[in-house]
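Peer 1: quick check, what structure comes out for this input:
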Amino acid sequence: MDRMAGALLDAQVDLNPHQIDAALFATSNPLSKGAILADEVGLGKTIEAGLLITQKWAGRKRRILVTTPANLRKQWHQELADKFAIASSLLEAKSYRQAIKDGATNPFDVAGNSATVLICSYQFAAGKAKDVQSVPWDLVVVDEAHRLRNVYKPENKTARILRDALRLPHKVLLTATPLQNSLLELYGLVSFVDQRVFGDLDSFRAQFGQLKIQARRDSLIDELELL
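Peer 2: This next block holds a predicted model:
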């Protein structure tokens with residue numbers, strides 16, 4: 001808690017207790033591959049992610065990627081600058097080509113004095129999956145993560161490519177709707193963070209498919225508390 005407070009000296013944001021609790025939860029288990037922050041719309045998931053980014057940044061762990069729907073990239077850039085005084089860069093086709101022209105071997109691997117938080121779309125990250133996978137990320141934030149919850153379906157190629165490229169780093173998924181129509185959506189999000197939690201799709205269906213709703217809920221909570 002003290003370390004997080006120190007990291008926020010330059011922040012221009014009024015924090016609510018639940019936002020601090022969420023950020024602490026996401027960092028509570030050093031062995032975990034990540035967390036899903038699923039507060040409802042308007043409760044400040046972007047602020048919670050900003051707290052995590054700020055803490056990493058203050059600790060000189062600055063290989064940080066935010067991947068988001070394309071229409072939210074500039075919003076993230078502005079939020080990090082205005083509320084947390086953290087520099088960020090939008091990585092897209094034009095800036096990627098320019099970085100290569102300037103001598104970068106991998107434009108995703110920005111470290112040292114020139115480090116900034118990198119922001120890119122799902123599609124761009126998936127298209128450069130080898131570059132993404134080769135970076136030892138300190139933190140990856142996946143915004144609007146419900147758009148990737150059908151990762152278990154073969155036709156959702158972007159989600160599957162991203163999951164595989166981001167298999168190792170610590171990830172924080174942000175979504176207001178982790179579950180809408182089927183428990184398989186929750187399976188998809190959790191497996192995006194760590195495929196070991198529920199195992200393969202057949203194992204998940206065998207374990208949870210036949211239980212009554214309340215029993216499934218209780219059993220899932222028990223499993224997720226181990227994350």
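Peer 1: ok, now how distant is Ala38 from Arg60?
Peer 2: Noted for Ala38: a distance of 30 Å to Arg60, by Cβ to Cβ, to the nearest Å. The C-beta positions use only the backbone N, C-alpha and C, and glycine is treated the same way.
Peer 1: what secondary structure does the most centrally placed residue in the chain sit in?
Peer 2: With distances taken as Cα atoms, centre = their mean, the residue of the chain nearest its centroid is Val141 (2.6 Å). At Val141 the chain is in strand, as set by DSSP: H, G, I helix; E, B strand; the rest coil.
Peer 1: thinking it is in contact with Leu51, fair?
Peer 2: No. In this structure, Val141 is not within contact of Leu51 by Cβ atoms under 8 Å, at 11.1 Å.
Peer 1: and Ala38 and Arg60? Which one has more around it.
Peer 2: Counted by other Cβ atoms under 10 Å, Ala38 and Arg60 do not tie: Ala38 has more neighbours, with 19 against 9.
Peer 1: what sits against the more buried one?
Peer 2: By Cβ atoms under 8 Å, 6 or more residues apart in numbering, the contact set of Ala38 is Lys45, Leu174, Thr175, Ala176, Thr177, Pro178.
Peer 1: ok, of the residues you listed, which come out buried?
Peer 2: Among these, those scoring as buried are Lys45, Leu174, Thr175, Pro178 (criterion: 16 or more other Cβ atoms under 10 Å).
Peer 1: okay, the residues you listed in a markdown table with pLDDT, secondary structure and distance to Leu162 next?
Peer 2: Listed next are the buried ones among the contacts of Ala38 as a markdown table, based on pLDDT from 0 to 100; DSSP: H, G, I helix; E, B strand; the rest coil; distance: Cβ to Cβ, whole Å:
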| residue | pLDDT | secondary structure | distance to Leu162 |
| --- | --- | --- | --- |
| Lys45 | 80 | helix | 19 |
| Leu174 | 94 | strand | 14 |
| Thr175 | 91 | coil | 14 |
| Pro178 | 80 | coil | 17 |
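Peer 1: most widely separated two among those?
Peer 2: Lys45 and Pro178 (11.4 Å; Cβ to Cβ).
Peer 1: list the buried residues for stretch 102-118?
Peer 2: Pro107, Phe108, Asp109, Val110, Ala115, Thr116, Val117, Leu118.
Peer 1: just the mean pLDDT for it, thanks.
Peer 2: Here stretch 102-118 scores 85 as its mean pLDDT.
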